[in-house]
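*Asks:* All I have is the shape, not the residue letters:
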């Protein structure tokens with residue numbers, strides 16, 4: 001039995017989900033190993049997610065303006081709940 005070929009946006013979202021899952025795993029591993037800054041696998045997965053974000057923009061799923069607006073919103077929210085910003 002073969003699967004129906006996914007439409008390009010569906011494929012884009014599925015691969016993005018997979019890459020986000022792989023990034024989650026690498027974040028967990030970095031925390032367990034207490035090695036946050038020298039993890040090549042973590043850097044690779046961050047780059048893979050970033051590549052998918054670029055493709056989401058290229059395929060008009062989201063715009064850079066949308067993303068920049070959300071970054072501003074999230075940073076303001078973090079100011080209230082975190083000392084990261």
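*Replies:* Happy to help now that I have it. Here the structure is a predicted model, which means the values were calculated and not measured. Residues are numbered from 1 along each chain as shown.
*Asks:* residues in contact with the spatially most central residue of the chain?
*Replies:* What sits nearest the mean C-alpha location of the chain, by Cα atoms, centre = their mean, is residue 49, with 4.0 Å. Going by Cβ atoms under 8 Å, 6 or more residues apart in numbering, residue 49 touches 16, 19-20, 23. No exception for glycine: its C-beta is placed from N, CA and C like everyone else's.
*Asks:* give me the number of residues near residue 26?
*Replies:* 19 (other Cβ atoms under 10 Å).
*Asks:* sorry, that was for residue 52
*Replies:* 19.
*Asks:* these two touch, right, it and residue 13?
*Replies:* No. The criterion here is Cβ atoms under 8 Å, and residue 52 misses it with residue 13 at 9.2 Å.
*Asks:* for the helix or strand harbouring the residue nearest to the centre of the chain, which positions count as buried?
*Replies:* Remark: residue 49 resides in helix 40-58, with elements defined by DSSP states H and E. For helix 40-58, a neighbour-count test (16 or more other Cβ atoms under 10 Å) marks 42, 45, 48-49, 52-53, 56 as buried.
*Asks:* and what of stretch 55-75?
*Replies:* Buried, per 16+ other Cβ under 10 Å, within stretch 55-75: residue 56.
*Asks:* any idea how far residue 38 lies from residue 45?
*Replies:* 14 Å (Cβ to Cβ, to the nearest Å).
*Asks:* No more questions from me, cheers.
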